[in-house]
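Peer 1: Sequence first, predicted coordinates after that:
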Amino acid sequence: MTTLSVASNQSPTGLDIHAIRQDFPILAQQVNGKPLVYLDNGASAQKPVAVLDAMERYYREMHSNVHRGAHTLGDRATVAFEGARETVRAFLNAASTRQIIWTRGTTEAINLVANGLAPRLRAGDEILVSRMEHHANIVPWQMLAERTGAKVVPFGITPEGELDLESFDQLLGERTRILAVTHVSNALGTVNPIRELVAKAKAAGVITVVDGAQAVPHYQPDVQALDCDFYAFSSHKLFGPTGIGVLYGKEDLLNEMPPWQGGGEMIERVSFERTTWNVLPYKFEAGTPAIAEAVGLGAAIDYLSSLDRPALEAAEADLLTRANQLVETVPGMSVIGTARNKVPVISFKIEGLHPSDIGTLLDQQGIAIRTGHHCAMPLMDFYGVPGTARASFAFYNTQDEVDQLFTALQKIQRLFA
Ligand code: PMP
């Protein structure tokens, strides 16, 4: 058996990962009698104390419904809620908070856009998506296509798991109306050249929708520099609470789009003769919003801003490098998705082992990874696999945890493959 050199808790970048881990109490526990090694961050990331405290403080000290203006608690809640919107605006470098719409997550954000763009589409129009999309960036477009007679057209990827730009150029055509593409692939970790794709699409008069769900935990996107029309992400992958996400949109398009849910908050005036819509962003926020969750997301972004983000990125890159180096220590292991530009994710298979068995056996060692199709069945079809095992790292993971993963994989391979 190949032995692994012991790595320390101190990141080579000088970050004190041990101190950072203290901010995430959930990590300091045993699972199945072993210290938890949480490598399922792509599915959902853990929450720092700053987020837990902000949400508790909100409920203890200021909860009331927002935007009613009737009393002091209502004002406090509104200030906290709208303050979080401003935090998200600054995080994305959007020009205005009118462009920041709260949703339940990336899925709802993309459904909102797909619904809103329906009036623009005619039979025969095309919606271009990549073959590496999450189902959340495929199915809403298929539903829109069904409604309008438009067609969803997938463009290709290379065997390494990068977007095939030749295929993109060929398929971006006269009939293309929308380009929907992921910034970072959840199943492969590939970072896509979004700026280049958006520039080409815009030159062709095509509306661009970027799924940022897997990008924001690793990079801070600048929506003005990307120049995309829409950008969506989920709070729970960005170390914030579940139940809330964000849709950023260009104001002219948001103004043009019809609301997609009706009810309180989203109206200006209601009568049986004629109802008119509220201004942005409220036009798209029917009903009582997820107030505490917005506050929690704001706290998550503030927490991230308090850290040295370039150092975090460097530490993550080191985790990926170490994982890649160790792949050859596990006989029969191969990585699916070897793009040049990746976030710290490795999707893999091991000859003679089913991915779900790998997941179960790792769990017995306290190591949490994800197995299956990762909501990207067309991508799995491309690779001819039913699913993969995926370890996805966050900045609070240590080099030592990477080593533990590979020691466990070596053992599993030896005993069961
Ligand atoms: N897109 C990508 C790339 C994702 O990884 C995910 C979550 N796995 C989603 C969209 C959907 O996010 P949510 O379930 O938070 O709506």
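Peer 2: Okay, I see it. Source: prediction; values computed, not measured.
Peer 1: And the residue sitting furthest away from the middle of the chain, how close does it get to residue 289?
Peer 2: Relative to the centre of the chain, the most outlying C-alpha is that of residue 273, 42.0 Å out, by CA atoms, centre = their mean. Distance, residue 273 to residue 289, by CB to CB, to the nearest Å: 28 Å. C-beta here means a position set from N, CA and C on the backbone, and glycine is covered the same way.
Peer 1: Residue 108 now?
Peer 2: Taking CB to CB, one finds residue 108 at 12 Å from residue 289.
Peer 1: out of those two, which sits in the more crowded spot?
Peer 2: Shown here are residue 108 and residue 289; by other CB atoms under 10 Å, residue 108 has more neighbours (21 against 18).
Peer 1: mean confidence for the longest helix belonging to the chain?
Peer 2: Longest helix in the chain, counting residues (DSSP state H): helix 72-92. Helix 72-92 comes out with an average pLDDT of 97.
Peer 1: name the helices or strands packed onto it?
Peer 2: Applying 3 or more CB pairs under 8 Å, 6 or more residues apart in numbering; DSSP states H and E, one finds that helix 72-92 makes contact with strand 100-103, strand 245-249, helix 291-306.
Peer 1: Which residues does stretch 290-300 contact?
Peer 2: 47-48, 50-51, 53-55, 58-59, 63, 65-66, 77, 80-81, 83-85, 87-88, 102, 104, 235, 238-244, 246 (CB atoms under 8 Å, 6 or more residues apart in numbering).
Peer 1: Got a PyMOL select line for the buried ones in the residues you listed?
Peer 2: Selecting the buried subset of the contacts of stretch 290-300 in PyMOL, with 16 or more other CB atoms under 10 Å as the burial test, is done by:
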select buried, resi 47+48+50+51+54+55+58+63+65+66+77+80+81+84+85+87+88+102+104+235+238+239+240+241+242+243+244+246
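Peer 1: Tell me if residue 334 really is in a strand.
Peer 2: Yes - using DSSP: H, G, I helix; E, B strand; the rest coil, the assignment for residue 334 is a strand.
Peer 1: Across the sheet, point out what pairs with it.
Peer 2: residue 349 (DSSP bridges).
Peer 1: My guess is it contacts residue 346. True?
Peer 2: No - using CB atoms under 8 Å, residue 334 makes no contact with residue 346, being 10.3 Å away.
Peer 1: Get me the contact residues on the stretch 1-150 of the chain for the ligand.
Peer 2: Taking CB under 6 Å from any ligand atom, the part of the stretch 1-150 of the chain that reaches the ligand is made up of 105-107, 134, 136-137.
Peer 1: Which members of those residues occur in helices, if any?
Peer 2: 106-107.
Peer 1: All the helices of the stretch 151-300 of the chain, residue numbers only.
Peer 2: 165-171, 194-203, 223-226, 251-256, 291-306 (DSSP state H, counting those that start in this stretch).
Peer 1: Please produce TSV containing those helices, extended by distance to residue 360, mean pLDDT and mean neighbour count.
Peer 2: Formatted as TSV, the helices of the stretch 151-300 of the chain follow (distance: least, CB to CB, whole Å; pLDDT from 0 to 100; neighbours: other CB atoms under 10 Å):
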stretch	distance to residue 360	mean pLDDT	mean neighbour count
helix 165-171	37	98	15
helix 194-203	36	98	17
helix 223-226	40	98	16
helix 251-256	45	98	14
helix 291-306	31	98	23
